[in-house]
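Colleague: please work out how this folds:
(chains A and B)
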2 protein chains.
Amino acid sequence: MTPASDDGPVDPRSALAGLWAPVLTPFRDDLSVDFERFGGFCRELLDEGCHGLALLGTTSETPSLTIDERRRLLEAALAAGVPASRITCGTGACALPDAVELTRHAMQCGCLATMLLPPFYFKGIGDEGCFRSIAEVIERTGDDRLRVVLYNIPALSGVTFTPTVVQRLISAFGSIIAGIKDSSGDPMSTLRFTKAFKKLAILAGTEGYLCAALRAGASGCVTATANVRARAIRALLDDWQGAGARERQAEVTEYRASLEREVDIIVAMKRLLAERTGHAAWALVRPPLIG
Amino acid sequence: MTPASDDGPVDPRSALAGLWAPVLTPFRDDLSVDFERFGGFCRELLDEGCHGLALLGTTSETPSLTIDERRRLLEAALAAGVPASRITCGTGACALPDAVELTRHAMQCGCLATMLLPPFYFKGIGDEGCFRSIAEVIERTGDDRLRVVLYNIPALSGVTFTPTVVQRLISAFGSIIAGIKDSSGDPMSTLRFTKAFKKLAILAGTEGYLCAALRAGASGCVTATANVRARAIRALLDDWQGAGARERQAEVTEYRASLEREVDIIVAMKRLLAERTGHAAWALVRPPLIG
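Modeller: So this is what the prediction gives:
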């Protein structure tokens, strides 16, 4: 699975198993990116029990970052000592050349996989538009060692990876299609993916129905909340079939709901980190989010 | 109104009056941008009767272009001999630093005005998120000569410029707020803007209700269809109070509807240009659009 490896195919379900943190992006007072703090925070999240980091998805406020900032954030994580084998990096972009450039960069950095969000401005693009968007990036990246996690987040992207699109991508690109990060928020959607694509790593985009997803065959979760309480989610993941799992699941679900109750979850978590660390700038977000 | 002018304030309603073409972006077979063809096409559209060019909005497939491609397209129009005083240039972007860079670039090029689309990934950003997104770009651009046309296209951006937001922007930035391009598709929305903001240039995003908009005090329209039949729309605009206006309005409205009937209007117009010019590559679009 690791691009540089010659050890033959690795099952994406095991390579991508576990708890993945979509890391928050710290800004300075002038809203420039605090790369050094980001690198340090990435390390902390691994120390807190995350199996890996899902860099540069929604939680990182990625659409609010320039292409250069995105490249440099990945490099900052690596410079801080995060192994590339524990990184899956968001490389989707509205502009095809940007997505190709970022995907190549992530591969050059040795990332385990890339997460591809389709373009999100034009609406009603349908299965064909979704398929072509991903297919063009893969074709132009032009490297069989590429591993792609499809990033399904219809509420923000306006695009749904339907089973038809996923199957077409698998038929066209085989083992390059490694998994699906399902941030639909809908447990039934995640369960449908696990049922339909047994060879892919299915990652729930929330811990809110983690036990149900694991029971159905999901590989784990990529959840924003890992930024502020990785240990509790990891504990649930490690013992999801144990006696206390039901109670633990209820507790992590309720905690997440409490974060989402008043403001955007990104804003809520950044405020929490500002309080915890005493570093006030942690609370900063870029517009259109409001801190 | 022209940034470089010292002749005192110019009424944005007259400076932005008329028919504005949001220019289609021609690609080569490999989907790279055909800058030279773009420049020539810009000139043709002025020759066809457009008062000015509204570069790099939705019709230009702008979200599918890189920041560098956007800068170079504006430069290609200027190199082809389009006067900067007849250009209003789209400079909005999801990432604040990109929007600031593009806005400064458009000003350096001497453009009459810039069109600002707010960030379009995060949803439910509300009036505060919309206001802060635009305010930050204006503040960071830091030049009182800036003139901004607010780009209201909620169906694609997911963000609506409410009267409250527009009024707050006017209160904060005065004559920097020059107009509103209303691509809501809703005549009532355009009429509300003309009624509420009598000092702004209100531009309908379609010719489909041009006479009604002009009657209510709108300054003109920015319409995709200008790419393929500017003369007919210009004729309506020049004689909108004349005896044949009602019939002309019905005819241009029906023509536009016929373009939109089967496929995306961008795709439909590009196919038409490919046929007309015999240059097959005109039909190409970048994903997520499908040609």
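Colleague: which element is the residue nearest the centre of chain A on?
Modeller: Nearest to the mean C-alpha position of chain A, counting by C-alpha atoms, centre = their mean, stands A:Ala54 at 4.0 Å. Element membership for A:Ala54, per DSSP states H and E: strand A:52-55.
Colleague: packing partners for that strand?
Modeller: strand A:18-21, helix A:35-47, helix A:67-79, strand A:87-90 (3 or more C-beta pairs under 8 Å, 6 or more residues apart in numbering or on different chains; DSSP states H and E). Just so you know, the C-beta spots here come from the backbone N, C-alpha and C atoms, and that holds for glycine as well.
Colleague: deepest of the ones you listed, which one?
Modeller: Most buried of those by mean neighbour count (mean count of other C-beta atoms under 10 Å in any protein chain shown) is strand A:87-90; its value is a mean of 27.
Colleague: that one pairs with which strands, and in what direction?
Modeller: Strand A:87-90 has these partner strands in its sheet, going by DSSP bridges: strand A:52-55 (parallel), strand A:113-116 (parallel).
Colleague: those into a markdown table, with extra columns for mean pLDDT?
Modeller: A markdown table is the format used below for the strands paired with strand A:87-90 (pLDDT from 0 to 100):
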| stretch | mean pLDDT |
| --- | --- |
| strand A:52-55 | 98 |
| strand A:113-116 | 98 |
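Colleague: so how many other residues sit close to A:Ala280?
Modeller: Number of residues near A:Ala280 (other C-beta atoms under 10 Å in any protein chain shown) recorded here: 10.
Colleague: for it, which non-adjacent residue is closest in space?
Modeller: A:Ala274 (5.4 Å; C-beta to C-beta, 6 or more residues apart in numbering or on different chains).
Colleague: SS state for the one you found?
Modeller: Per DSSP: H, G, I helix; E, B strand; the rest coil, the secondary structure class of A:Ala274 is helix.
Colleague: the closest residue to A:Val100 other than its chain neighbours: neighbour count?
Modeller: Among residues not flanking A:Val100 along the chain, A:Arg140 sits closest, at 4.5 Å (C-beta to C-beta, 6+ apart). Neighbours of A:Arg140 under the rule other C-beta under 10 Å: 16.
Colleague: do the one 10 residues further on as well
Modeller: The burial metric for A:Leu150, expressed as a neighbour count using other C-beta under 10 Å, is 24.
Colleague: residues from the stretch 151-291 of chain A in reach of chain B?
Modeller: Neighbours of chain B within the stretch 151-291 of chain A, by C-beta under 8 Å from any C-beta of the partner chain: A:155-159, A:264, A:286-290.
Colleague: from those, which shows the smallest pLDDT?
Modeller: Taken together, those show their lowest pLDDT at A:Asp264, with 92.
Colleague: my guess is it contacts A:Leu289. True?
Modeller: Yes. Counting by C-beta atoms under 8 Å, A:Asp264 does reach A:Leu289; the two are 6.0 Å apart.
Colleague: give me the common contacts of the two.
Modeller: Counting by C-beta atoms under 8 Å, 6 or more residues apart in numbering or on different chains, the contacts common to A:Asp264 and A:Leu289 are B:Phe122.
Colleague: pLDDT weak spots in chain A?
Modeller: A:1-9 (pLDDT under 70).
Colleague: so where do the strands sit in it?
Modeller: A:18-21, A:52-55, A:87-90, A:113-116, A:148-152, A:177-182, A:201-204, A:220-222 (DSSP state E).
Colleague: how about those in a markdown table, adding distance to A:Gly40?
Modeller: A markdown table is the format used below for those (distance: least, C-beta to C-beta, whole Å):
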| stretch | distance to A:Gly40 |
| --- | --- |
| strand A:18-21 | 14 |
| strand A:52-55 | 13 |
| strand A:87-90 | 15 |
| strand A:113-116 | 23 |
| strand A:148-152 | 25 |
| strand A:177-182 | 25 |
| strand A:201-204 | 25 |
| strand A:220-222 | 21 |
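Colleague: of these, which approaches A:Leu45 most closely?
Modeller: With respect to A:Leu45, and counting by C-beta to C-beta, the nearest of these is strand A:18-21 at 4.5 Å.
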